[in-house]
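Peer 1: Only the shape, not the letters, is given here:
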């Protein structure tokens with residue numbers, strides 16, 4: 001039975017394209033598209049109407065990839081052939097999407113393609129992971145390659161977990177504040193001002209401001225905003241290439257406090273990536289190119305990527321890094337020592353530890369100030385509401401009802 005698969009691709013001329021192809025399964029669809037000389041960037045079976053909701057679920061996450069890498073590393077260390085390892089992994093994997101991806105990799109491996117190339121053909125793994133596997137394949141040590149991938153993914157998982165844990169209480173405070181204000185502006189304030197009817201001209205200025213604010217925070221307006229947010233989310237999921245939202249993260253790097261946090265976060269990721277790459281035997285230029293893709297902020301990634309060309313021209317690594325304005329002085333200074341001593345791998349690990357510690361300490365300080373700041377702001381708003389209501393009651397004699 002043939003199924004329809006929607007795909008996005010890049011043709012031999014470098015042009016983007018998309019369409020629908022009929023095939024028995026994902027592997028067959030991928031094979032047909034490659035036979036046309038297309039590089040597939042997205043491939044998914046077209047769902048029935050009643051199954052559209054499934055497309056909003058993320059197929060697998062970093063934890064799933066970490067488990068996959070650890071299991072492959074263990075199987076390779078035990079001496080099991082790579083194709084047999086993939087077959088065992090398919091049997092033990094619970095998530096269907098990940099099973100399909102591993103099946104694609106296995107099909108390519110059985111067709112004679114390299115391990116790294118097989119992973120890259122799926123379009124679901126970042127360049128860092130592909131490069132690590134490529135190096136391990138080249139030196140005949142896939143066990144270490146998958147182990148390094150697992151360590152990198154574990155670092156990512158722990159990093160995200162620490163950030164989520166640190167933000168739990170502030171997010172709860174913000175949520176509680178929003179719920180409180182919604183209740184006040186929809187139940188308390190409207191009932192209070194209902195005694196004045198529609199004649200609000202004689203109200204004191206603070207009362208007019210409060211009355212106007214209560215008109216903004218109605219359930220109707222909140223429902224419209226929520227509906228718009230859901231609509232944008234749905235369109236972003238269905239048409240990711242057409243719906244482009246403003247990249248606020250790129251501009252936050254210029255903010256006084258937040259910008260410093262972003263730089264520390266991105267440099268921590270970059271340094272760990274460089275350490276992992278150099279540890280696996282990747283040459284410096286390729287390691288720098290691949291590690292730059294780990295940086296998510298465009299305004300930081302651009303200057304770092306531009307360093308590759310200068311280093312290829314023969315310039316010293318430390319001198320090139322010293323030209324990047326947002327890098328702390330400790331980066332070129334330590335790189336100069338590592339360049340002279342031939343220990344760049346260890347230097348990048350030291351830089352990772354330094355920026356990781358700075359980021360965590362900065363987050364703790366910011367959150368220590370953020371929690372009372374939220375309480376103070378909430379108290380000021382509630383105090384404004386209470387004082388306004390009191391002033392309105394005190395001046396009720398001058399208001400014609």
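Peer 2: Yep, it's here. No experiment lies behind these values; they were computed from the predicted model shown. Numbers count the residues shown, from 1 in each chain.
Peer 1: Model confidence for residue 201, exactly?
Peer 2: What the model reports as pLDDT for residue 201 is 69.
Peer 1: Direction included, what does the helix or strand harbouring residue 21 pair up with?
Peer 2: Using DSSP states H and E, residue 21 maps to strand 16-23. Strand 16-23 has the following strand partners under DSSP bridges: strand 3-10 (antiparallel).
Peer 1: Report the distance from the partner strand to the chain centre.
Peer 2: 25 Å (C-alpha atoms, centre = their mean, to the nearest Å).
Peer 1: Let me see the mean pLDDT of that strand.
Peer 2: Mean pLDDT, strand 3-10: 77.
Peer 1: repeat for stretch 45-59
Peer 2: Model confidence over stretch 45-59, given as mean pLDDT, is 47.
Peer 1: Same question for stretch 323-342.
Peer 2: Confidence over stretch 323-342 (mean pLDDT, whole number) is 89.
Peer 1: any residues touching it, and which ones?
Peer 2: Defining contact as C-beta atoms under 8 Å, 6 or more residues apart in numbering, one finds that stretch 323-342 is touched by 253, 263, 267, 300, 303-304, 307, 310, 316-319, 321-322, 344, 346-348, 350-351, 354. C-beta here means a position set from N, CA and C on the backbone, and glycine is covered the same way.
Peer 1: okay, and for this structure, where does confidence drop off?
Peer 2: Under the criterion pLDDT under 70, the flagged ranges of the chain are 1-2, 12-16, 41, 46-59, 139, 196-202, 237, 239-247, 395-401.
Peer 1: Quick test: name the residue nearest the centre of it.
Peer 2: residue 296 (7.7 Å; C-alpha atoms, centre = their mean).
Peer 1: quick one: that residue is in a strand?
Peer 2: No. When classified by DSSP: H, G, I helix; E, B strand; the rest coil, residue 296 is found to be coil rather than part of a strand.
Peer 1: quick one, what contacts it?
Peer 2: Listed by C-beta under 8 Å, 6+ apart, the contact set of residue 296 reads 249, 266.
Peer 1: mind checking how far it is from residue 364?
Peer 2: From residue 296 over to residue 364 the distance is 22 Å, taken as C-beta to C-beta, to the nearest Å.
Peer 1: can you check residue 140 too?
Peer 2: As judged by C-beta to C-beta, residue 140 and residue 364 stand 45 Å apart.
Peer 1: Pull out the buried positions in stretch 372-381.
Peer 2: Burial within stretch 372-381, assessed by neighbour count using 16 or more other C-beta atoms under 10 Å, is assigned to 374, 378.
Peer 1: With stretch 158-178 instead?
Peer 2: So, applying 16+ other C-beta under 10 Å, buried residues of stretch 158-178: 159, 173, 177.
Peer 1: Just the helices from the stretch 151-300 of the chain, written as ranges.
Peer 2: Taking DSSP state H, counting those that start in this stretch as the criterion, the stretch 151-300 of the chain carries its helices at 189-193, 205-216, 219-238, 248-251, 256-279, 284-292, 298-305.
Peer 1: Out of those helices, which is closest to residue 28?
Peer 2: Evaluated with C-beta to C-beta, the helices of the stretch 151-300 of the chain place helix 219-238 nearest to residue 28, the distance being 24.7 Å.
Peer 1: Give me the angle between the closest one and helix 205-216.
Peer 2: Angular relation of helix 219-238 and helix 205-216 on a 0 to 180 degree scale: 50 degrees, by axes from the mean of the first three to the mean of the last three C-alpha atoms, to 10 degrees.
Peer 1: Including distance to residue 3 and mean neighbour count, could the helices of the stretch 151-300 of the chain go into TSV?
Peer 2: Compiled in TSV, the helices of the stretch 151-300 of the chain are given as follows (distance: least, C-beta to C-beta, whole Å; neighbours: other C-beta atoms under 10 Å):
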stretch	distance to residue 3	mean neighbour count
helix 189-193	55	16
helix 205-216	49	15
helix 219-238	19	11
helix 248-251	37	12
helix 256-279	38	20
helix 284-292	35	20
helix 298-305	38	17
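Peer 1: Perfect, I'm done here.
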